[in-house]
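1. quick one: sequence and predicted model below, then my questions.
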Amino acid sequence: MPDIISAYRKIAATSWFSRFLPGMRSSIYLAEDHLLLATQIIVFEKYHRFFFSDIEAITAAKSNRWLWASVAWVVSIPLGMLWYLAQNNWCYLVGACWIFIAGSILIWNLLAGPTYVVKIQTAAQTRRLKAVERAGKYQAFSAMVVPLIMAEQQPNPLSAIAP
Amino acid sequence: MKGGAFCPLCNRLLGPEFWNSGQFQACPACSAQVMTIAFPTINVPSGTSSIVACEAGESSCFFHANNRAETICDGCGRFLCGVCSISFGQRRFCPDCIYRSRRQKSDLLLIDQAVLFDNIAIAVLALSVLTLSYLILGLFVSLLTVCMAFVGWKYQRTLVRRSRFRFGFALILGLIGASIWILLLLLLLIPALPRYA
């Protein structure tokens, strides 16, 4: 196998939380003429390429996932307080850690913003882009990638002149 | 067949009125708020590969003698018809070249997966600890982890840059585990050895 060329530049990745969930970790890399979607499934890394000239559409749908996740973390904070019923120093410590972690994730989830379901489509494949399913990430991704795709798919004036 | 965009949630076909509006619109099927960025390629008919019968004096496809050759494989130089030509951006390959390149990992453009030896090394150790088999097979598992880390360090080739931190982590854990096990075995075995005093 030839040496790995640093042709790929990472432009988006799923959050650190996805490291603990098999199959959820994915990253998007930018190359000269295509996007590379790298999905990690425990001991394998799968690659999917989307050439700028082949991409037909990028679709995003609003999702309530972030609201449900916030509700779950809000509920878990009072559950952490149950540790204080034990009236033991170790239980107090566990309860404090529980509340701190749940509260931190809740704040991070709210700050990260709304979630979308984003898919990229070519004639041959449609893939979900989990790495850009937060509003901020999606906007940054669109701002970077859409001009590149449009530039690639513009008709070449030289080819029209050539016989 | 003309292409189209689809709702990411219900996969319903979204008509041109949904394309490039710059704002979210309700999907007619699932009522989800959907935004579509469509590119010019979406209007290009897909699924119609041009297959033309080969006539006398014309070059034919390597794989289909009755089809006229349309292009040349960038890997092996064979003549290909519309059915056999598979495009990767600006390059075109025949199915044989794709199969061979994937097996030999000779072309970066055709690599579709990589094995993560660092994750295997850590997973072996973690699984043995979680299943308590480490209490019996600890030395074997630790040495296996060290071997996996060494082998992976040399042979792991991912298409994108990947930190070597996990290899170091697995190596340190494996070496610590193996050292402890060897020490414990020596402590158990030394008193049992015959003494020639």
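-> Yep, it's here.
2. only C-alpha atoms from now on, for both contacts and neighbour counts.
-> Fine.
3. all strands of the chain, in order?
-> In the absence of a named chain, chain A is used. According to DSSP state E, chain A carries its strands in the segments A:9-13, A:25-30, A:34-41, A:44-51, A:55-63, A:115-122, A:126-128.
4. my bad, the chain I had in mind was chain B
-> According to DSSP E, the strands that chain B contains are B:5-6, B:13-14, B:25-26, B:33-38, B:71-72, B:79-80, B:86-88, B:91-93, B:113-115.
5. between the ones you listed, which one is closest to A:Ala112.
-> Closest to A:Ala112 of the strands of chain B, according to Cα to Cα: strand B:33-38, at 19.3 Å.
6. and for the closest one, what are the contacting residues?
-> A:56-62, B:5, B:7, B:18-27 (Cα atoms under 8 Å, 6 or more residues apart in numbering or on different chains).
7. lowest average pLDDT across the strands of chain B?
-> Among the strands of chain B, strand B:86-88 carries the lowest mean pLDDT, at a mean of 83.
8. isn't B:Leu116 right next to B:Gln156, touching?
-> Yes: using Cα atoms under 8 Å, B:Leu116 is in contact with B:Gln156, at 6.7 Å.
9. who has more neighbours, these two?
-> B:Leu116 (20 against 16; other Cα atoms under 10 Å in any protein chain shown).
10. so how far is chain A from that one?
-> 5 Å (Cα to the nearest Cα, to the nearest Å).
11. same deal with B:Gln113?
-> Relative to chain A, and taking Cα to the nearest Cα, B:Gln113 is found at 4 Å.
12. likewise B:Arg91?
-> Using Cα to the nearest Cα, we find B:Arg91 at a distance of 11 Å from chain A.
13. got the contact list for that residue?
-> B:Asp74.
14. circling back to that earlier point, and among the strands of chain A, the most buried is which?
-> strand A:55-63 (a mean of 24; mean count of other Cα atoms under 10 Å in any protein chain shown).
15. who touches that strand?
-> Strand A:55-63 is contacted from outside by A:114-123, A:149, B:3-9, B:24, B:32-42, using Cα under 8 Å, 6+ apart.
16. any chance of the strands of chain A in JSON lines, plus mean pLDDT?
-> Listed next are the strands of chain A as JSON lines, based on pLDDT from 0 to 100:
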{"stretch": "strand A:9-13", "mean pLDDT": "92"}
{"stretch": "strand A:25-30", "mean pLDDT": "92"}
{"stretch": "strand A:34-41", "mean pLDDT": "92"}
{"stretch": "strand A:44-51", "mean pLDDT": "92"}
{"stretch": "strand A:55-63", "mean pLDDT": "94"}
{"stretch": "strand A:115-122", "mean pLDDT": "94"}
{"stretch": "strand A:126-128", "mean pLDDT": "93"}
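17. dump those into JSON lines; add distance to B:Gly168 as well.
-> Listed next are those as JSON lines, based on distance: least, Cα to Cα, whole Å:
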{"stretch": "strand A:9-13", "distance to B:Gly168": "23"}
{"stretch": "strand A:25-30", "distance to B:Gly168": "21"}
{"stretch": "strand A:34-41", "distance to B:Gly168": "20"}
{"stretch": "strand A:44-51", "distance to B:Gly168": "19"}
{"stretch": "strand A:55-63", "distance to B:Gly168": "39"}
{"stretch": "strand A:115-122", "distance to B:Gly168": "35"}
{"stretch": "strand A:126-128", "distance to B:Gly168": "33"}
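18. nearest to B:Cys94, of those strands?
-> When the strands of chain A are compared (using Cα to Cα), the closest one is strand A:44-51, at 17.8 Å.
19. wait, B:Asp74 touches B:Gln90, no?
-> No: contact criterion Cα under 8 Å: B:Asp74 and B:Gln90 do not qualify, at 9.9 Å.
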